[in-house]
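Enquirer: return atomic coordinates for the entry below.
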Amino acid sequence: MRGLWARVWLRYVLVGALLAAGTTGYVVLRHERRAAQLADNQQQLEQACRGLLPVSELRPYLPADSAGELAEFGTLADGGASRSLYDCTLMWGASHAKWEPDALVRVHAVAALPGEEDRLSPPNLDDAVGTWRTPPGTSATLTYDSGLGRANLTAWLRVRCRGDLTGRVRPSRDLRISVELPVRADFPSDLTPAERLAPARTAVRAANWVTARQQHCAAPRLSMPTGVVMAK
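Expert: Now for the predicted structure:
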């Protein structure tokens, strides 16, 4: 009888050891997969949108359980004629089960034809929360928006070229850059200095990148802003 119980006990011990090993293996495999996915998302972020994005500020939004979705088009992306000189969107956590992704980044450069200058202003100036210093002929606005579970801060930068922008059916000299970045602040007053500055600096990088590739624009190169003046 003792021999029988010993064999039964040994069998339970072996089964338990196998289950423990299987569980440990699953946990290790899952950890490795999440680490690999996070590394892939990190590499995508660094290379996305022609390297214009603020990687340090966006790194906390990177998921480890899903891949980012990147899309870009426009004259400077594919060479086609378009009102959008460049449009790049990177999002994380998008799915058919949700209205909005967990986080979204967008860099958009658009040229306005004569008579379309009103389109170069932010769509809702009531959302304006700040600005930063720009040279004559250039204007900058910062807007805050929240809803559907996420908040974003958008920098709007209007640049006037000395020559013509190419890529439209007719000449244009007005350029608008908009940069939308996710933020964690529930209210504009909760924005950190780094959160305020990130979209502004990204908009300036994007403007310099666009105008450098528009050989007839001849707009002056913009200096990086060092601070944002928040609206009272």
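
Enquirer: buried sites along the helix or strand hosting residue 209?
Expert: Using DSSP states H and E, residue 209 sits in helix 193-213. Across helix 193-213, burial judged by 16 or more other CB atoms under 10 Å covers 195-211. C-beta: built from backbone N, CA, C; applies to glycine.

Enquirer: which strands or helices does that helix pack on?
Expert: Counting contacts by 3 or more CB pairs under 8 Å, 6 or more residues apart in numbering; DSSP states H and E, helix 193-213 packs against helix 55-58, strand 84-92, strand 103-112, strand 139-147, strand 150-165, strand 172-183.

Enquirer: which elements pack onto the shortest one?
Expert: Packing contacts for helix 55-58, counted by 3+ CB pairs under 8 Å, 6+ apart, involve helix 2-47, strand 172-183, helix 193-213.

Enquirer: give me the distance between the closest residue to residue 84 other than its chain neighbours and residue 54.
Expert: Excluding the flanking residues, the one nearest residue 84 by CB to CB, 6 or more residues apart in numbering is residue 74, at 4.1 Å. Computed as CB to CB, to the nearest Å, the residue 74 to residue 54 distance reads 21 Å.

Enquirer: higher neighbour count, those two?
Expert: residue 74 (22 against 18; other CB atoms under 10 Å).

Enquirer: now do the helix holding residue 209 against strand 139-147, angle only.
Expert: Here helix 193-213 runs at an angle of 130 degrees relative to strand 139-147 (axes from the mean of the first three to the mean of the last three CA atoms, to 10 degrees).

Enquirer: may I have helix 193-213 as CSV, with CA atoms only?
Expert: What follows is helix 193-213 as a C-alpha-only set of coordinates in CSV (Å, rounded to 0.1, in the frame of the first residue of the first chain):
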residue,chain,number,x,y,z
PRO,A,193,6.4,72.9,-19.8
ALA,A,194,7.7,69.9,-21.8
GLU,A,195,4.2,69.1,-23.1
ARG,A,196,3.6,72.7,-24.2
LEU,A,197,6.9,72.9,-26.0
ALA,A,198,7.0,69.6,-27.8
PRO,A,199,4.4,70.3,-30.5
ALA,A,200,5.8,73.8,-31.0
ARG,A,201,9.3,72.6,-31.6
THR,A,202,8.0,69.7,-33.8
ALA,A,203,6.1,72.3,-35.9
VAL,A,204,9.2,74.4,-36.4
ARG,A,205,11.2,71.3,-37.4
ALA,A,206,8.5,70.3,-39.9
ALA,A,207,8.3,73.8,-41.3
ASN,A,208,12.1,73.9,-41.8
TRP,A,209,12.0,70.4,-43.3
VAL,A,210,9.3,71.4,-45.8
THR,A,211,10.7,74.8,-46.9
ALA,A,212,14.2,73.2,-47.3
ARG,A,213,12.7,70.8,-49.9
